[in-house]
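Colleague: Have a look at this fold, sequence not included:
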């Protein structure tokens, strides 16, 4: 049976939601919070989205979407254009190669995996940024941002897991 | 659907895999190319960034406002608890300010008389535009923020951004309805400043850290913690005398400045139009600013072009500190 127009639209909307959610996460991470010092250690929310969807639904996260998400993050955060794009594409590539390792494992394994991947991403971002400015940047904020990122992961992973089960089926 | 054999299916998979890999490599290379183009200050990259920011600015502005209201209520509740101490503090401050008011009145009238005597011409009058901050600073990646005002409101590259407390930064990148403020702490920030008491001029350089440093001070300048730093007005881009910060520590390596404005609390800022293009004239100066406001090229080019005069902005990390010979 061929699905009707509305059914297809519904399915399309559901399937595009991982990318849409990632865009929302980027917006959330740039909104002014006015918490002193928070701005420099705001967690990399979009990175969590990319990790989660690459592990669980890579079919709904095409490479070009990862590229676009990176560009959006760079444009809004004022980072050198292409920097986060490279980081996200690398994470996407690495996780896609290792996703069998994460599937069907406990959440602790997933969290551990994420903290390793995020550490690599933070290091890569720091190296790229230092090379871009030709100036060795202090690693402190990068490290704190990394801690915030892994600290926030369980909450976001739970939300995205709920979304995955209820919306994407 | 046409049925394929297992072999055909395999082949399709292999081709798809190969295409994916090419797309992946291509996109990574594209991202690297973007970074290099950005480093070379290409117009397209900044234009693209401005367009993207403009597209999302209304959303960010819509979210920023209610968030501020909620925060306002919370702050009010907190103040309610501390109303007694606040009252005492304010009445003390009021006494102090009244004393200053008397001084200011005297100085003002004296100033007016002296100007009259000297036929002193007042500099260009600055006009202000008010804008809401709609993004947090870029964290480790850049010390900059978006404001919801752009070409539509008459914002231009290089204009100074201030609050009641002092200088915030300058405009670097303008789109139609949004603009980016480069904060004083950004690596690319270079502001002509002076020490208020001694009038010694220097450049304040951002480091992507909380405290910028002072550089290019004349040899022999005496700097001590607590000295007030204000804009010097050199280069004509900024008005003179905007408070910037206070010298917080002096060492052989660097003179650190604590800024008056806490950028994490910014909600509304004022953008100063000083009516001067000053050093930000693109034909004369290469800066880190995007060049989307580049004036149209003159039609008639001289046959013989002399060597271009350029002011060189030091790259971060290569500039000399005042303590060095």
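Modeller: Received the coordinates, thanks. Quick caveat, the model's predicted, so the values are computed rather than measured.
Colleague: ranges for the helices of the chain?
Modeller: Just so you know, I chose chain A. A:5-30, A:45-56, A:63-77, A:83-102, A:107-133, A:140-163 (DSSP state H).
Colleague: meant chain B, my bad for not saying
Modeller: Using DSSP H, helices in chain B cover B:6-39, B:43-81, B:83-118.
Colleague: Redo those helices as TSV? Include distance to chain A and mean pLDDT.
Modeller: For every residue, glycine as well, the C-beta is placed using N, CA and C. Shown next, in TSV, are the helices of chain B (distance: least, Cβ to the nearest Cβ, whole Å; pLDDT from 0 to 100):
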stretch	distance to chain A	mean pLDDT
helix B:6-39	3	83
helix B:43-81	4	84
helix B:83-118	20	90
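Colleague: can you list the ones you listed in TSV and add distance to residue B:189 and mean neighbour count?
Modeller: Formatted as TSV, the entries for those read as follows, by distance: least, Cβ to Cβ, whole Å; neighbours: other Cβ atoms under 10 Å in any protein chain shown:
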stretch	distance to residue B:189	mean neighbour count
helix B:6-39	17	14
helix B:43-81	17	15
helix B:83-118	31	10
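Colleague: Residue B:210: which of the ones you listed is closest?
Modeller: helix B:43-81 (22.2 Å; Cβ to Cβ).
Colleague: chain center to that closest one: distance?
Modeller: Computed by Cα atoms, centre = their mean, to the nearest Å, the chain-centroid distance of helix B:43-81 equals 17 Å.
Colleague: which helices and strands does that helix pack with?
Modeller: helix A:5-30, helix A:63-77, helix B:6-39, strand B:127-132, strand B:144-147, strand B:167-174 (3 or more Cβ pairs under 8 Å, 6 or more residues apart in numbering or on different chains; DSSP states H and E).
Colleague: Sheet-wise, list the partners of the last one with their directions.
Modeller: Pointing back at strand B:167-174 there. Sheet pairing of strand B:167-174 (DSSP bridges) gives strand B:160-162 (antiparallel), strand B:179-183 (antiparallel).
Colleague: avg pLDDT for the shortest one?
Modeller: In this model, strand B:160-162 carries a mean pLDDT of 90.
Colleague: Nearest residue to the middle of chain A?
Modeller: Most central in chain A under Cα atoms, centre = their mean is residue A:47, positioned 2.1 Å from the mean C-alpha point.
Colleague: Just to check, that one is in contact with residue A:120?
Modeller: No. The criterion here is Cβ atoms under 8 Å, and residue A:47 misses it with residue A:120 at 10.8 Å.
Colleague: who touches both of the two?
Modeller: Here residue A:47 and residue A:120 have residue A:91 as joint contacts, going by Cβ atoms under 8 Å, 6 or more residues apart in numbering or on different chains.
Colleague: coming back round to it: just name the most buried of the strands paired with strand B:167-174.
Modeller: Among the strands paired with strand B:167-174, strand B:179-183 has the highest mean neighbour count (mean count of other Cβ atoms under 10 Å in any protein chain shown), at a mean of 29.
Colleague: Determine the angle, from 0 to 180 degrees, between that strand and strand B:127-132.
Modeller: On the basis of axes from the mean of the first three to the mean of the last three Cα atoms, to 10 degrees, strand B:179-183 is oriented at 100 degrees to strand B:127-132.
Colleague: can you tell me the average pLDDT over strand B:179-183?
Modeller: In this model, strand B:179-183 carries a mean pLDDT of 92.
Colleague: what does stretch A:90-103 give?
Modeller: On average, stretch A:90-103 scores 89.
Colleague: Pull the distance from it to the chain's centre.
Modeller: Distance, centroid of stretch A:90-103 to centroid of chain: 13 Å (Cα atoms, centre = their mean).
Colleague: Likewise for stretch B:203-211?
Modeller: 11 Å.
Colleague: Residue A:103: neighbour count?
Modeller: Neighbours of residue A:103 under the rule other Cβ atoms under 10 Å in any protein chain shown: 9.
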